[in-house]
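Participant: Pasting the sequence and the predicted model now:
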Amino acid sequence: MLTFAGKNRIMEFRTKVELPIGNEKIHHSDRLMLWGSCFAENIGKLLNEYKFACDLNPFGILYNPASIAKAVKTLQEKRLYTEADLLWDKNSWHSLMHHSLFSDAEKETCLSYINSRITQGNENLMQANWLIFTWGTARVYEWKETGEIVGNCHKLPEKLFTRRLLEVDEIVSTYSQLLADLHSQNHGLKVLFTVSPIRHAKDGMHGNQLNKATLLLAVEKLCQALPFCFYFPSYEIMMDELRDYRFYADDMLHPSGLAINYIWSCFKNSFFGLETLQFMKQWDEVKKALSHRPFNPQSEGYQSFLSQILLKIERLKEKFPYLDAQNEETLCQTLLKK
């Protein structure tokens with residue numbers, strides 16, 4: 001942070017974004033489901049590192065609100081896919097609603113992966129305490145054959161799609177109904193919206209601003225209408241606080257690791273309660289200890305060190321009975337046997 005000390009005050013040479021305070025808090029014991037762009041993946045990975053119960057992008061990365069809403073509805077209805085929902089191209093089976101990670105040369109493998117995530121996702125959706133949506137773009141591709149909005153074009157010829165910008169009221173209408181239905185089934189459900197700070201340069205900088213403005217206006221209307229909806233300003237933090245290009249990756253569009261960690265810090269301070277923050281601090285100690293690489297793994301000192309890590313994990317499990325630390329415990333036990 002660049003500052004200038006004057007005679008009576010300190011000037012900050014950046015625009016500080018006001019973070020939301022007094023909102024509902026995300027507790028470490030909460031079940032979370034995250035949807036959206038690659039920025040959602042970045043935040044989701046950090047949540048997973050700190051042992052939050054997360055279901056991250058059951059359809060893979062999706063960018064626009066319409067595709068995300070359609071995917072959520074599929075989970076809600078537990079509608080399983082059949083061969084009719086797939087297409088064959090370039091020696092693989094694809095779903096136009098799923099990321100290419102679900103594509104496969106074998107039809108049965110593709111369907112099995114898609115449907116297992118739908119089945120698991122339905123259960124997680126019905127039990128979720130929080131839905132976290134990261135919208136990346138308001139521009140959508142419609143499959144000309146059916147008029148349906150797709151989630152992924154899989155590099156098919158552009159002539160097969162119609163591209164357009166969603167209307168604000170179109171987004172609001174879709175989500176008002178969807179979220180009201182979900183909340184009637186799960187009265188404790190809360191929803192957090194954020195707009196991805198990644199710019200869509202393909203449309204030009206003016207087109208990107210129109211794109212993001214559409215998303216921001218839709219979120220504002222939803223948060224005003226539905227008391228269980230909240231907003232976190234990741235887009236504003238990137239555009240105003242971190243506007244210097246040193247906070248961008250090499251493509252000058254995506255946020256750098258430093259920027260992601262800063263936004264993550266803002267997110268923690270806005271939506272995590274004291275007990276959750278205290279747990280994360282304790283878990284940091286476990287993570288750092290496990291990353292330690294000794295000169296002599298067989299030494300008595302290192303074996304004692306591993307035993308202390310196991311003891312620390314056991315104490316955390318006593319305090320947080322829901323904590324799933326099986327991977328860390330197994331690692332410690334494996335190292336102790338060496």
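Facilitator: Nice, I can see it.
Participant: gap between stretch 315-323 and the chain center?
Facilitator: On the basis of CA atoms, centre = their mean, to the nearest Å, stretch 315-323 sits 25 Å off its chain's mean C-alpha point.
Participant: If you count neighbours, what's buried in that stretch?
Facilitator: Buried residues in stretch 315-323, defined by neighbour count with 16 or more other CB atoms under 10 Å: Leu316, Phe320, Leu323. For the C-beta atoms, the positions are set from N, CA and C on the backbone; glycine is no exception.
Participant: so who does the closest residue to Cys38 other than its chain neighbours touch?
Facilitator: Spatially, and ignoring its direct neighbours in sequence, Cys38 is nearest to Ile61 (5.7 Å; CB to CB, 6 or more residues apart in numbering). Contacts here follow CB atoms under 8 Å, 6 or more residues apart in numbering; on that basis Ile61 touches Gly36, Ser37, Cys38, Ala40, Glu41, His99.
Participant: where in the stretch 1-150 of the chain is pLDDT low?
Facilitator: Along the stretch 1-150 of the chain, the model assigns pLDDT under 70 to residues 1-13.
Participant: if we go to 50?
Facilitator: Applying pLDDT under 50 to the stretch 1-150 of the chain picks out residues 1.
Participant: domains for this protein, by residue range?
Facilitator: The chain breaks down by automatic domain parsing into domains covering 14-272, 274-338.
Participant: returning to what we had before: what about the residue nearest to Cys38, distance to Cys229?
Facilitator: 22 Å (CB to CB, to the nearest Å).
Participant: In strands only, show me the buried residues of stretch 315-323.
Facilitator: Judged by DSSP state E, strands contain none of these.
Participant: and the residue minimising distance to the centre of the chain, what helix or strand is that in?
Facilitator: What sits nearest the mean C-alpha location of the chain, by CA atoms, centre = their mean, is Ala40, with 2.6 Å. Element membership of Ala40 [criterion: DSSP states H and E] is helix 38-49.
Participant: What would that helix look like as PDB? C-alpha coordinates only.
Facilitator: What follows is the C-alpha trace of helix 38-49 in PDB, where atoms were taken according to Å, rounded to 0.1, in the frame of the first residue of the first chain:
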ATOM      1  CA  CYS A  38     -12.700 -20.100 -12.700                       C
ATOM      2  CA  PHE A  39     -12.700 -17.500  -9.900                       C
ATOM      3  CA  ALA A  40     -15.200 -19.700  -8.100                       C
ATOM      4  CA  GLU A  41     -12.700 -22.600  -8.500                       C
ATOM      5  CA  ASN A  42      -9.900 -20.500  -6.900                       C
ATOM      6  CA  ILE A  43     -12.100 -19.700  -3.900                       C
ATOM      7  CA  GLY A  44     -13.400 -23.200  -3.700                       C
ATOM      8  CA  LYS A  45      -9.900 -24.700  -3.600                       C
ATOM      9  CA  LEU A  46      -9.100 -22.400  -0.700                       C
ATOM     10  CA  LEU A  47     -12.300 -23.400   1.200                       C
ATOM     11  CA  ASN A  48     -11.400 -27.100   0.600                       C
ATOM     12  CA  GLU A  49      -7.800 -26.500   1.900                       C
END
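Participant: List the buried residues for it?
Facilitator: For helix 38-49, a neighbour-count test (16+ other CB under 10 Å) marks Phe39, Ala40, Glu41, Asn42, Ile43, Gly44, Leu46, Leu47 as buried.
Participant: and Thr134, what does it touch?
Facilitator: Here Thr134 is in contact with Leu34, Trp35, Gly36, Ser37, Phe39, Ala40, Ile43, Thr194, Val195, Ser196, Ser234 (CB under 8 Å, 6+ apart).
Participant: 6 Å - rerun?
Facilitator: Gly36, Ser37, Phe39, Ala40, Thr194, Ser196 (CB atoms under 6 Å, 6 or more residues apart in numbering).
Participant: Check whether the last one really touches Gly136, as I assumed.
Facilitator: Yes. Counting by CB atoms under 6 Å, Ser196 sits close enough to Gly136 to count as a contact (4.2 Å).
Participant: Are there residues contacting both of those two? Which ones?
Facilitator: Residues within reach of Ser196 and of Gly136 at once, by CB under 6 Å, 6+ apart, are Ser37.
Participant: I'd like the buried residues of stretch 315-323 laid out as TSV, including distance to Phe305 and pLDDT.
Facilitator: Below are the buried residues of stretch 315-323 laid out as TSV (distance: CB to CB, whole Å; pLDDT from 0 to 100):
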residue	distance to Phe305	pLDDT
Leu316	17	96
Phe320	23	95
Leu323	21	96
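Participant: isn't there a strand covering Asn23?
Facilitator: No. Looking at Asn23 with DSSP: H, G, I helix; E, B strand; the rest coil, it is coil, so not inside a strand.
Participant: which phi and psi does it have?
Facilitator: phi -80, psi 170 (degrees, to the nearest 10).
Participant: which SS class is the residue nearest to it when sequence neighbours are not counted?
Facilitator: Nearest residue to Asn23, sequence neighbours excluded (CB to CB, 6+ apart): Phe230, at 5.1 Å. With three-state DSSP as the basis, Phe230 sits in strand.
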